[in-house]
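# no FASTA, just this:
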């Protein structure tokens, strides 16, 4: 029987999207303490993306301004957050993010030697 490490607890304050990201990675991989810190930032970034997407969904993609109608500012911020999320996931060596969850991939090793469970 293979020894399985304990899955780390989900950090407090994560919303649904961040929790899904956290759980999908921690259920698949054993992470070192510094990797868990990076993953937590990625999960919080994922939550921010969900908030920004909701704002755009509620308000629409265009926003009135003193210079006329412009692209909603939340669109630009969401783009920046997505870039930040991608960089965090690359740092961890996690496979590409698909919509709300990561694909299952047990054989991936991260830049820091992240071990598949």
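The structure has been received and is ready for your questions. Note that the structure is a prediction, hence the values are computed from the model and not measured.

# low pLDDT regions in the chain?
Residues of the chain that meet the criterion pLDDT under 70 lie in 1-5, 95-117.

# Tell me where it has helices.
For the chain, the helices defined by DSSP state H occupy 16-26, 33-59, 73-92.

# And for the first one, what's in contact with it?
In this structure, residues lying in contact with helix 16-26 by CB atoms under 8 Å, 6 or more residues apart in numbering are 7-8, 10-11, 14, 31, 36, 39-40, 42-44, 46-47, 49-50, 92, 94, 97, 100-102. All C-beta spots, glycine's among them, are computed from the backbone N, C-alpha and C.

# Which of these are buried, as a ChimeraX select command?
In ChimeraX syntax, the buried subset of those is picked out as below (16 or more other CB atoms under 10 Å):
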select :8,11,14,31,36,39,40,42,43,44,46,47,49,50,92,94,97,102
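
# tell me the most buried of the helices of the chain?
Mean neighbour count (mean count of other CB atoms under 10 Å) peaks for helix 16-26 among these, with a mean of 20.

# how about residue 85, what does it touch?
42, 45-46, 49, 97.

# please redo it, this time with the cut-off set to 10 Å
If you count contacts by CB atoms under 10 Å, 6 or more residues apart in numbering, residue 85 has them with 21, 41-46, 48-49, 97.

# Any chance of JSON lines for those residues, columns distance to residue 68?
Below are these laid out as JSON lines (distance: CB to CB, whole Å):
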{"residue": "21", "distance to residue 68": "37"}
{"residue": "41", "distance to residue 68": "36"}
{"residue": "42", "distance to residue 68": "36"}
{"residue": "43", "distance to residue 68": "37"}
{"residue": "44", "distance to residue 68": "34"}
{"residue": "45", "distance to residue 68": "31"}
{"residue": "46", "distance to residue 68": "33"}
{"residue": "48", "distance to residue 68": "28"}
{"residue": "49", "distance to residue 68": "27"}
{"residue": "97", "distance to residue 68": "35"}
